[in-house]
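Q: using only what follows, build the 3D model:
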Amino acid sequence: MFAVVDIAGQQFKVSEKTTYYVPRLSDKPNTSVTFNNVLVVGDDKSTKIGNPSVKGAKVTAKVLEHLKDDKVIVFKKKRRKGYRKFNGHRQQLTKIEITKIA
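A: Residues are numbered from 1 along each chain as shown. Predicted coordinates:
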């Protein structure tokens, strides 16, 4: 069984007992989170598509930890002008495990 869920403005195709890295959530580690904005629910036989979301569908997940992604380096340069900008960014993520799709 799979579902397409809207989490923090991004869509993720999820299935049970798998882990995903999503944008940082405000919930504490080892707590349960329910996502009600389920766009598509399906299995091998049938698929339900919501308009905009499937009524009565929920995805429950467990927050495992909060962490940071790898550093993305932003380097800007204009040749022969002496202009150089060096900047870095690390995105904050939350690791979740999908426990139930209902």
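
Q: now the residue sitting nearest the centre point of the chain: closest residue in space, sequence neighbours ignored.
A: Taking C-alpha atoms, centre = their mean, the centroid of the chain lies closest to Val22, which sits 2.8 Å from it. Spatially, and ignoring its direct neighbours in sequence, Val22 is nearest to Ile7 (4.9 Å; C-beta to C-beta, 6 or more residues apart in numbering). Every C-beta, even on glycine, is put in place using the N, C-alpha and C of the backbone.

Q: what of Gln91?
A: Among residues not flanking Gln91 along the chain, Asp69 sits closest, at 4.2 Å (C-beta to C-beta, 6+ apart).

Q: any idea how far Gly50 is from that neighbour?
A: For Asp69, the distance to Gly50 equals 30 Å [C-beta to C-beta, to the nearest Å].

Q: and those two? Which one has more around it.
A: Gly50 (14 against 11; other C-beta atoms under 10 Å).

Q: tell me the pLDDT at that one?
A: Looking at Gly50, its pLDDT stands at 92.

Q: same check on Asp44?
A: Value listed for Asp44 in the pLDDT field: 89.
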